Every structure is written in C-alpha cells, then in structure tokens.
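fold the following, please.
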Amino acid sequence: MALLPSILLFLAVSLVTFHVSVLAGDADILSDFIPPTNTTIPPDGGYFTYTGLRAATDPTIPLPPDFKVFKASMAEFPALNGQSVSFALLTYPPGTVNPPHTHPRASELLFLLEGSLEVGFVNTTNKLFNQTLEEGDIFIFPKGLMHFQYNRNEQTPAVAVSAFGSASAGTVSIPSAVFNTSIYDPILAVSFKTDVATIRRIKYGLSH
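Here you go, the predicted structure:
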C-alpha cells in the first residue's frame, strides 16, 4: 500500500512528539522507562522499536476492503508503557466510515495524509463540530468525546495517522457498546423510542 513522500511521514512522526508534550495524560513514572517484566536481560534498541506497521506501508499490499486501524499502543508496543503516547495508522477505502466512538483516556490528533474525510465530534451539550479535511489537514478530537471519520468519496481511499496522549487511549465503539452487548432489549427500545423487534433487527445487522 503506497502512502506518502518522506516529508509527510516526517511530519506524521513529529505529531507524536508534539502530542507527548502537550496532551500527555498517563501517570508520571520515576524512571527513564519501564523495562520488560518477563525477563532479567536488560533491553536493547529492539525493545524500543515497533515493526508492526510495515505491512501498512508496503506498496505491494493493497488497502483492506473495509476501514482498518493499525495500532501502535501499549498492547502492541510495550515500550510505550509510561511514555504517555501512542499512535495509529487509519485506512479508509472509498465510502467507508470509522463509526462513532470515544477514547476515554486521551485526546486524538488526526493528520490526514491522503484523500479527504468528513470528521466531527459531539460535545457535552450535544453540539456537533464537523469539518471536511483535505490532505495535510490536522483535526483534534477532545478527550472522551464521541467522534467519527467518514470517507464520502466513492472512488478514492483516504489514509490518516493519529497520535494519542496516552499509551492506552482505549476505544469505546458506540454501535458495538449499545447493540453488541447484553443490554436488555426493552431498555434499548424505550431509550430509542422504538420497539424490541427493531432493536433486534439492528443487532442482527451488526452481527452479520
């Protein structure tokens, strides 16, 4: 999957450094870093290197057919523990969406590398802040607020990178949290002012 010229990749990496200093939210640590816990061997440079995004930057590999997030968080990259930062590469094939979701532990700084995106978030007074992003634009999603990204273009894919002010920002997908959990169907029916049959059809659609 082809991405960008090296200058844009440099800018993307620079966002991580910016995000650490401005939006760090994890607890401070009392050492330079947190070493691996499953070995007594001191870490070397390999511990601080993550290669999991190589597949996403390989020009011989096509984009996934659906929206895809390639994460570099503490779960995938343990060296991030205590560093108050994580990273993600997001790919949006034509007409795909990153559904409404929240990150309970971090703000998100999104940098659009290719294509265009419709993005937005909703604040605690239910006001929508939305924008159309073009290549090179940056958008901030405040910590904990519901937000989304949508590639409206039916012909052209979009690619973005996001930096988070936490090594483990967390993600709560609104559709999955509401309809793919064991919340009692009548509760959802009353909440959405509909009937149980409609709720069950939505749940069936999300699971197939």
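
read off the pLDDT value for the most centrally placed residue in the chain.
What sits nearest the mean C-alpha location of the chain, by Cα atoms, centre = their mean, is A88, with 5.8 Å. A88 is assigned 96 on the pLDDT scale.

going by neighbour count, which residues of whichever strand or helix holds it are buried?
In this structure, A88 sits in strand 86-92 according to DSSP states H and E. Neighbour-count burial for strand 86-92 flags 86-92 (criterion: 16 or more other Cβ atoms under 10 Å). (Glycine included, C-beta is placed from N, CA and C.)

then stretch 122-137?
Quick answer for stretch 122-137 (16+ other Cβ under 10 Å): 122, 133, 135.

can you give me the end-to-end span of that stretch?
20 Å (Cα to Cα, to the nearest Å).

any idea how far it is from the chain center?
15 Å (Cα atoms, centre = their mean, to the nearest Å).

tell me what the nearest residue to K71 once chain neighbours are set aside is bridged to.
With sequence-adjacent residues excluded and distances taken as Cβ to Cβ, 6 or more residues apart in numbering, K71 is closest to A88, at 5.1 Å. Beta-bridge partners recorded for A88 (DSSP bridges): K71, S162.

let me see the contact set for A88.
A88 makes contact with 69-73, 161-162, 164 under the criterion Cβ atoms under 8 Å, 6 or more residues apart in numbering.

which among those count as buried?
Among those, those classed as buried by 16+ other Cβ under 10 Å are 70-73, 161-162, 164.

out of those residues, which comes closest to R201?
For the buried ones among the contacts of A88, the residue nearest R201 by Cβ to Cβ is K71; the value is 31.6 Å.

quick check: that closest one vs Y150, distance?
Relative to Y150, K71 is positioned 20 Å away (Cβ to Cβ, to the nearest Å).

hey, where'd the helices end up in the protein?
6-23, 54-57, 174-179, 185-191, 196-207 (DSSP state H).

among those, show the one with the smallest mean pLDDT.
Among these, helix 6-23 scores lowest, with a mean of 51.

Y50 is in contact with M74, isn't it?
No - under the criterion of Cβ atoms under 8 Å, Y50 makes no contact with M74, lying 10.8 Å away.

higher neighbour count, the two?
It is M74, of Y50 and M74, that has more neighbours when counted by other Cβ atoms under 10 Å, with 20 against 17.

next one, pLDDT for the residue nearest to the more buried one when sequence neighbours are not counted please.
Using Cβ to Cβ, 6+ apart and skipping the chain neighbours, the partner closest in space to M74 is A167 (4.0 Å). pLDDT, A167: 96.

with the one 5 residues further on instead?
Model confidence at V172, given as pLDDT, is 96.

leaving out chain neighbours, which residue sits closest to it?
That would be T102: by Cβ to Cβ, 6+ apart, it lies 4.8 Å from V172.

list the contacts of that neighbour.
144-147, 171-172, 174.

please repeat the previous calculation with a cut-off of 6 Å.
144, 146, 172 (Cβ atoms under 6 Å, 6 or more residues apart in numbering).

is it true that the second one touches V122?
Yes - A contact is recorded between M146 and V122 when judged using Cβ atoms under 6 Å, the distance being 5.0 Å.

and the strands in the chain, which stretches?
Along the chain, the stretches classed as strands by DSSP state E are 68-72, 86-92, 97-102, 108-114, 117-122, 128-133, 138-141, 146-150, 158-164, 172-173.
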